[in-house]
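Participant: I would like the atomic coordinates for the input below:
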Amino acid sequence: MPTDLLPITPSEDFWSRQANAQKFSFEFAPFGVPTEITANDPAALTAAQLSSRRFSRIVEPSGQAIRIQIVVCDGKPTPLPDDLPERLMYSGVGDWITVSAGEWGHGFANLQTRQAFIFLSPTLAIDARLVSRYFIDHYLLNFLFTEWAMLHASCVLDPTGRRLIILMGGHNSGKSTTALHLARAGYPFLADGMLLMRLCSARPVVGGYPV
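Facilitator: Below is the predicted model:
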């Protein structure tokens, strides 16, 4: 029997791995965590750029890196429903979490390795706002929640830089409006909706989302 086998090259890209190759990338550091978002379509990175504007930055990046891979799939364009955010389904088991938009896309991620994979239909991929808010931000926040404590609050900084003013309350109670008035009065704005906090060398560090 022959001992050497010739390499077998598939005649077709059955799994679409060649078409889905991650050729484009965008890097930033939400809350100082090194993050790389890659895609097989450069248009998909517009959503990554939108997400990068919503997270606080820290001067010195640190922590376990995050990687999100986005695949824009081939297929017949199907119009997006107006209520797509309400149709999203979330699930998880162990370290794995998923989000599904039905025929328009789905994603899964591992909280321990901080890797996420997002598969999008062509019609969803071109809606950068939806992809950014309901897929990229969703996974970034869940990765960050493994290290940061979160309060549903708006937050500004005292002009002296010595005190945080945290505004907590029920939905539509005026947190954002109050924070806006304080910002106009010279209080640096930190967060509108989520305030994340952690200890670093016994010193409290805070960040906001969205900023």
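
Participant: I figured V131 hits L45, correct?
Facilitator: No: using CB atoms under 8 Å, V131 makes no contact with L45, being 10.1 Å away. Where you see a C-beta, it was placed from the backbone N, CA and C, and this is true even at glycine.

Participant: between these two, what contacts are shared?
Facilitator: I70 (CB atoms under 8 Å, 6 or more residues apart in numbering).

Participant: list the contacts for G63?
Facilitator: So G63 contacts F31, G32, V33, P34, E147 (CB under 8 Å, 6+ apart).

Participant: Ramachandran coordinates for it?
Facilitator: Note on G63: its backbone torsions stand at phi 100, psi 170 [degrees, to the nearest 10].

Participant: what does S100 give?
Facilitator: Dihedral angles (degrees, to the nearest 10) for S100: phi -130, psi 130.

Participant: before we move on, what about the one 3 residues further on?
Facilitator: The phi and psi values for E103, taken as degrees, to the nearest 10, are phi -70, psi -10.

Participant: what about the residue nearest to it when sequence neighbours are not counted, neighbour count?
Facilitator: Closest residue in space to E103, ignoring its immediate chain neighbours: T78 at 6.2 Å, by CB to CB, 6 or more residues apart in numbering. Neighbourhood size, T78 [other CB atoms under 10 Å]: 13.

Participant: from now on call the first residue 6
Facilitator: Renumbered: residue one is now 6, and that last one reads T83.

Participant: Tell me if T83 really is in a helix.
Facilitator: No: secondary structure of T83 (DSSP: H, G, I helix; E, B strand; the rest coil): coil, not part of a helix.

Participant: Let me know the pLDDT of it.
Facilitator: pLDDT, T83: 87.

Participant: what's near enough to touch it?
Facilitator: Contacts of T83 by CB under 8 Å, 6+ apart are E108, W109, S126, T128.

Participant: And the contacts of G68, which of them are buried?
Facilitator: Buried members of the contacts of G68, counted by 16 or more other CB atoms under 10 Å: F36, G37, V38.
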